[in-house]
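>>> Give me coordinates for this.
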Amino acid sequence: MTIPESNHPGRWWHALDDGRIQCDLCPRDCQLHEGQRGACFVRRMVGGEMVLTTYGRSSGFCLDPIEKKPLNHFYPGSSILSFGTAGCNLACRFCQNWDISKSKDMDRLMDSASPLAIARAARRHGADAVAYTYNDPVVFAEYAIDTAKACREQGIRNVAVTAAYIHREPAREFFAVMDAANVDLKAFTEDFYKKLCVAKLAPVLDMLAWIRHETDCWLEITTLLIPGHNDNPAELGELATWVYRELGPDVPLHFTAFHPDWKMTDLPPTPPETLGLARRIALDAGLQHVYTGNVHDPEGGTTFCPHCHAALIVRDWYEIRRYDLSPEGACPHCHTPLAGRFAPRLGHDGKAFGARRIPIRLAS
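Model (predicted):
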């Protein structure tokens, strides 16, 4: 059955002179009348105050490999407990989790759990981290922050999979409890963000630079390449050059394949050749770690030493076929440190979690 809607006190808002309130969580700055919901649908004005209607309610829990987030430089081979809620503060026409992120009647919220219950479940199932994903955790920031704090008390790491469409003040609290983030950089033009996401590019770029330079959160970036919309070689070159200049050459960049979905079913899937070209463009721009995803491309999934170019972590989809790093996370051939977060050994006891996907239930 559907879990009843909650009305947890929301944060990051202020009252307006005309009786409305303004949400200060993200650049949308939604101004709400009594009973009205924001663009994300899950933040609402009730009794003159902001409430979060999805606190403690989830669309489901699943054990995944960390590589699925995707994170290739954050404890490779480890497992992660993934969950999300409902709603989103973007309106991407190509959303590939639309049944969750675009849910408006909350019928997808079929599990419930307190922050402590999630942390304990992660430990019980042997997960090394918890991922806030499926829909954007920005819209359930109160729930995500409380859960992340509970996880840290249990020795569990936290990962945000997000479009980073968030104001600086809530971002300080949100990313302070996140150990890693994969940020979905939708494209590199304002026109794309405006027409296909109903959002703006500039706040995302500002947030990427802030995460990289002002937090301890490990950062990787993903761009879904949509044929005819954001796969122009000139735009890809500008994107890669910006990452190199503003974030640094060692920030991993993932180019992933689009599959027709939601409101863009009239387009073809991304050709593998487009992903290969994007990877070469980014490497030529000076980026050291560029990956391809949603396609079978062993070279595009492999981590190479940035100095001697030895293949250090060989991947086939989400399986790790070879792991050749020193316990300190360096190349064993030339001793160059590899950017990222690495354990002395791969996964658990030297074994990777693999490509398994294990749904679990937390509700009693």
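>>> Low-confidence ranges, the protein, go.
1-5, 97-110, 262, 363-364 (pLDDT under 70).
>>> residue boundaries of the helices in it?
98-101, 115-124, 141-153, 168-176, 190-192, 202-214, 233-242, 272-284, 298-301 (DSSP state H).
>>> What is the burial count for the closest residue to Arg152 other than its chain neighbours?
Nearest residue to Arg152, sequence neighbours excluded (C-beta to C-beta, 6 or more residues apart in numbering): Val177, at 6.7 Å. All C-beta atoms are positioned from the backbone trio N, CA, C, and that covers glycine. The tally of other residues near Val177 (other C-beta atoms under 10 Å) stands at 18.
>>> got it, and the one 4 residues further on?
Applying other C-beta under 10 Å, we find 29 other residues in the vicinity of Ala181.
>>> hang on, His33 packs against Arg20?
Yes. Between His33 and Arg20 a contact is recorded at 5.5 Å, counting by C-beta atoms under 8 Å.
>>> Looking at those two, which is more packed in?
Shown here are His33 and Arg20; by other C-beta under 10 Å, Arg20 has more neighbours (15 against 10).
>>> Relative to Ala187, how far out is the residue lying closest to the more buried one once chain neighbours are set aside?
Once flanking residues are discounted, Arg20 sits nearest to Gln31: 5.1 Å by C-beta to C-beta, 6+ apart. As judged by C-beta to C-beta, to the nearest Å, Gln31 and Ala187 stand 28 Å apart.
>>> With neighbour numbers in mind, choose between the two.
Taking other C-beta under 10 Å, Gln31 and Ala187 do not tie; Ala187 has more neighbours (24 against 15).
>>> Just give the nearest non-adjacent residue to that one, would you?
Once flanking residues are discounted, Ala187 sits nearest to Asn230: 3.7 Å by C-beta to C-beta, 6+ apart.
>>> Ok, Tyr318 next?
Going by C-beta to C-beta, 6+ apart, Tyr318 has Ala355 as its nearest residue, at 4.0 Å.
>>> swap in Tyr134?
Counting by C-beta to C-beta, 6+ apart, the residue nearest Tyr134 is Gly84, at 2.9 Å.
>>> burial measure for that neighbour, as a count.
Neighbour count of Gly84, defined by other C-beta under 10 Å: 28.
>>> Likewise for Gln22?
Gln22: 17 neighbours (other C-beta under 10 Å).
>>> partners of it in the sheet?
His14, Gln31 (DSSP bridges).
>>> wait, doesn't Thr53 sit right on Asn7?
Yes. Here Thr53 reaches Asn7: they are 6.3 Å apart, a contact under C-beta under 8 Å.
>>> Those two: who's more crowded?
Set side by side, Thr53 and Asn7 show more neighbours around Thr53, with 23 against 13, by other C-beta under 10 Å.
>>> domains for this structure, by residue range?
8-52, 57-360 (automatic domain parsing).
>>> from those domains, which stretch is densest packed?
For these, average neighbour numbers computed from mean count of other C-beta atoms under 10 Å are highest in domain 57-360, which has a mean of 19.
>>> Please give the centre-to-centre distance between it and its chain.
Its chain's C-alpha centre and that of domain 57-360 lie 4 Å apart, by C-alpha atoms, centre = their mean, to the nearest Å.
>>> re earlier: what residues do Thr53 and Asn7 have in common as contacts?
Shared contacts of Thr53 and Asn7 (C-beta atoms under 8 Å, 6 or more residues apart in numbering): Arg44.
>>> for Arg172, what are its contacts?
With C-beta under 8 Å, 6+ apart, Arg172 has no contacts at all.
>>> Please tell me how far it sits from Pro269.
39 Å.
>>> One more: Leu236?
Separation of Leu236 from Pro269 (C-beta to C-beta) stands at 18 Å.
>>> re earlier: could you pull up the residues touching the residue nearest to Ala187?
Taking C-beta under 8 Å, 6+ apart, one finds 186-189, 192, 223-224 in contact with Asn230.
>>> Which members of these are the farthest-apart pair?
Thr189 and Leu224 (14.3 Å; C-beta to C-beta).
>>> Fine by me, we can end here.
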